[in-house]
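1. Okay, here's the prediction I keep looking at, along with the sequence it came from:
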Amino acid sequence: MPLGSEESIRQSRLSTKPGGPSGPAVSRRGFLVGAGTALATGITGDLFAIEPRRVLVSRHVVSVPGLPAGLDGLRIAQLSDIHLPANRAAAERTLALLGAERPDIVVFTGDQCENRSAVDELVEFVRAARGRVATLAVLGNWDYRGRTIGALARQAYERAGATLLINQHKIITIGGASLAFVGLDDVLSGSPDAPAALDRLPADIPAIWGVHEPRLADELTAAAARHPALVLSGHTHGGQIRFPGLPAFTPTGSGRFVAGWYDSPLGRLYVSRGIGTADVRARFFCPPELPIFVLRRVTGSGAL
């Protein structure tokens, strides 16, 4: 079983969500606007200027049964919910952190771009954020909302030296050892198709899945037989504006998930708080996050 770091354990203690499908009938935008207005007096500097750009690195060791020895120690960075062209300060801070971390693989888990007019900025950012070995991406609901999809998106990621996966997989081979990345389409605006994504993927290759909305991890029970080594998701922003002692408010598509580690029918799931902001350009008690995962080989009875 993957093991979370102390940072991820702290996150999971904060990971509560009111209501579910029968929760309060208010949009995330309405909630964030109201919360931001209520908090603005006296703490404007932290709410809008400091915390949104205070990107924190969280570190996680993930034990992977069947991981080839040549991939033991592989380092993966997850970038989620950047929301370009806004959030430039957080994006620049993220690039500085990536330069220091030098991950082998970078995975973008959706909502990279809010507006198709920012495609050149997206290309520039993705190119600068690339992993040493490979860079992969899936789409999110804001990518669809801003029409950064279809041929435009595929060409943009190709220009940046990355691979966009829409109900597809890609096998990465390092020194003769293979690891698969499975990317599903967006849940809210696209058409996720797990069988198509898994088509012709050898069953003996460990796989890491990427899907923007974490709710899908509770719904893909039919695909659970493939046992992903890890599922990466975002979308929730961790609640973005958090009130201590109160449950987080998260958008449609989040399901029961807020931030950190979870068990799901699909497999072990990590939900990132993301890099950027949406609707209101503010964060409170919920700083941006750059998760770094180190894969470790499991042998014998399951011990590292």
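-> Structure received. Everything numeric in this text was worked out from a predicted model, so none of it was measured. Numbering: from 1, shown residues only.
2. and the closest residue to residue 72 other than its chain neighbours, what is it in contact with?
-> Once flanking residues are discounted, residue 72 sits nearest to residue 297: 4.2 Å by CB to CB, 6 or more residues apart in numbering. For the C-beta atoms, the positions are set from N, CA and C on the backbone; glycine is no exception. By CB atoms under 8 Å, 6 or more residues apart in numbering, the residues touching residue 297 are 63, 64, 67, 68, 69, 71, 72, 304.
3. which of these count as buried?
-> 63, 64, 67, 68, 71, 72 (16 or more other CB atoms under 10 Å).
4. Residue 154: which of those residues is nearest?
-> residue 71 (27.4 Å; CB to CB).
5. Next one: that closest one from residue 286, what distance?
-> As judged by CB to CB, to the nearest Å, residue 71 and residue 286 stand 33 Å apart.
6. Then residue 76?
-> Applying CB to CB to residue 76 and residue 286 gives a distance of 23 Å.
7. next one: residue 292
-> From residue 292 over to residue 286 (counting by CB to CB), the distance is 19 Å.
8. is it true that residue 254 touches residue 236?
-> Yes. If you go by CB atoms under 8 Å, residue 254 and residue 236 touch, sitting 4.7 Å apart.
9. So which residues of this structure form strands?
-> Under the criterion DSSP state E, the chain contains strands at 56-65, 75-79, 105-109, 134-138, 163-164, 168-174, 177-183, 207-210, 230-233, 260-263, 268-271, 289-298.
10. Report the angle between the last one and strand 177-183.
-> Pointing back at strand 289-298 there. 140 degrees (axes from the mean of the first three to the mean of the last three CA atoms, to 10 degrees).
11. Tell me, how many residues neighbour residue 117?
-> 12 (other CB atoms under 10 Å).
12. Return the distance of it relative to residue 135.
-> The spacing between residue 117 and residue 135, counted by CB to CB, is 23 Å.
13. What of residue 55?
-> 18 Å.
14. burial of the closest residue to residue 244 other than its chain neighbours, as a residue count?
-> Nearest residue to residue 244, sequence neighbours excluded (CB to CB, 6+ apart): residue 285, at 6.1 Å. Neighbourhood size, residue 285 [other CB under 10 Å]: 15.
15. Wait, residue 285 touches residue 243, no?
-> Yes. Between residue 285 and residue 243 there is a contact under CB under 8 Å: 7.4 Å.
16. Point out where the stretch 1-150 of the chain drops to low pLDDT.
-> 1-46 (pLDDT under 70).
17. Compare residue 292 and residue 286 (neighbour count), which wins?
-> For residue 292 versus residue 286, the count of surrounding residues by other CB under 10 Å is larger for residue 286: 24 against 17.
18. That one reaches residue 242, doesn't it?
-> Yes. Applying CB under 8 Å, one finds residue 286 in contact with residue 242, separated by 4.6 Å.
19. what do the two both touch?
-> residue 248.
20. Can you show me the helices along the stretch 51-200 of the chain?
-> 88-101, 119-129, 141-145, 150-160, 194-198 (DSSP state H, counting those that start in this stretch).
21. deepest of the ones you listed, which one?
-> Highest mean neighbour count of the helices of the stretch 51-200 of the chain: helix 141-145, a mean of 22 (counted as mean count of other CB atoms under 10 Å).
22. And the contacts of that one?
-> 83, 110-114, 149, 153, 186-190, 212-213, 235, 253, 278.
23. now stretch 188-198
-> Counting by CB under 8 Å, 6+ apart, 139, 141, 144-145, 165-169, 182-186, 211, 213, 216, 220, 222-223, 226, 252-253 sit against stretch 188-198.
24. if we go to 7 Å?
-> 139, 141, 144, 167-169, 182-185, 211, 213, 216, 220, 223, 226, 252-253 (CB atoms under 7 Å, 6 or more residues apart in numbering).
25. Now do the same contact list for residue 242.
-> 248, 284, 285, 286 are the contacts of residue 242 under CB under 7 Å, 6+ apart.
26. Sort out which one of those residues lies nearest residue 102 for me.
-> Relative to residue 102, the closest of the contacts of residue 242 is residue 286; by CB to CB it sits at 27.0 Å.
27. Just confirm the closest one contacts residue 243, I think it does.
-> No. Applying CB atoms under 7 Å as the test, residue 286 and residue 243 come out as separate, 10.1 Å apart.
28. Could you measure from residue 203 over to residue 193?
-> 18 Å.
29. One more: residue 83?
-> 26 Å.
30. who's more crowded, the two?
-> residue 83 (27 against 14).
31. How far away from the center of its chain is stretch 125-139?
-> Here the centre of stretch 125-139 is set off from its chain's centre by 13 Å, with CA atoms, centre = their mean, to the nearest Å.
32. Can I get that stretch as CSV, trimmed to CA atoms?
-> Taking Å, rounded to 0.1, in the frame of the first residue of the first chain, the C-alpha atoms of stretch 125-139 are listed here in CSV:
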residue,chain,number,x,y,z
PHE,A,125,4.9,26.8,-18.9
VAL,A,126,4.6,23.1,-19.8
ARG,A,127,7.9,23.2,-21.7
ALA,A,128,9.6,24.8,-18.6
ALA,A,129,8.0,22.2,-16.2
ARG,A,130,8.9,19.1,-18.1
GLY,A,131,10.3,16.0,-16.4
ARG,A,132,13.7,14.6,-17.1
VAL,A,133,12.2,11.5,-18.8
ALA,A,134,8.6,12.3,-19.7
THR,A,135,5.7,14.8,-19.3
LEU,A,136,2.1,13.8,-19.5
ALA,A,137,-1.2,15.6,-19.1
VAL,A,138,-5.0,15.1,-18.9
LEU,A,139,-7.7,17.6,-19.3
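33. I appreciate the help and will end here.
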